[in-house]
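Enquirer: With the input below, show me the fold.
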Amino acid sequence: MMNPKAIQSSQRYETSGSSIWLDEEGIVHTEVKAVPEMTVEIVQEDIAVFEKICADFPRPFLGDIQNMSRMPREARVLAAKEAPRFVSANALVANSPISRVIGNLFLGLNRPEIPIRMFDDEESALDWLRGFLEQK
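Expert: Numbering: from 1, shown residues only. Sure thing, here's the model as predicted:
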């Protein structure tokens, strides 16, 4: 059953470092763009979009970080701190060596207070996230 707070639009938001949208199932998707560094400023831009999409209602989140090449500690800390406001479960898709290192740093050092897993492919990540849609 769709949550009454769900946004009906599939509008795609573009920030300096990401493309972000809410799919028809209620899962938030983020594709990281090929930027030299995922800075604190970019993370803040993304947070502003999450505020619009989620309206303080945590949703399952699919983060495609395959294009990410660098994310400084300050940006990881900010993302981990803010995630529970918007994210009920976080699936990271990382199939390149660099994105897996960044994903593992996030999982190991800046783990947010929500369920989080890393996947090699989007379909496996979506299958896992669908289990969190049922909990609403």
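Enquirer: what about the nearest residue to Gly17 once chain neighbours are set aside, is that helix, strand or coil?
Expert: Leaving aside its chain neighbours, Gly17 sits nearest to Ile42 (3.7 Å; criterion: CB to CB, 6 or more residues apart in numbering). Every C-beta, even on glycine, is put in place using the N, C-alpha and C of the backbone. At Ile42, secondary structure determined by DSSP: H, G, I helix; E, B strand; the rest coil is helix.
Enquirer: contacting residues around Ile42?
Expert: Thr15, Ser16, Gly17, Ser18, Val35, Ala75 (CB atoms under 8 Å, 6 or more residues apart in numbering).
Enquirer: Quick check, pLDDT for Ala75.
Expert: The model reports Ala75 with a pLDDT of 89.
Enquirer: okay, the helix or strand it falls within in CSV with CA atoms only?
Expert: Assigned by DSSP states H and E, Ala75 belongs to helix 73-86. Extracted in CSV, the C-alpha atoms of helix 73-86 (Å, rounded to 0.1, in the frame of the first residue of the first chain):
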residue,chain,number,x,y,z
ARG,A,73,35.6,12.3,5.7
GLU,A,74,33.6,15.5,6.4
ALA,A,75,31.1,14.7,3.6
ARG,A,76,30.8,11.0,4.8
VAL,A,77,30.1,12.2,8.4
LEU,A,78,27.5,14.7,7.2
ALA,A,79,25.7,12.1,5.0
ALA,A,80,25.7,9.5,7.9
LYS,A,81,24.4,12.0,10.4
GLU,A,82,21.5,13.3,8.1
ALA,A,83,20.5,9.9,6.6
PRO,A,84,18.2,8.7,9.3
ARG,A,85,15.9,11.8,8.7
PHE,A,86,15.2,10.6,5.1
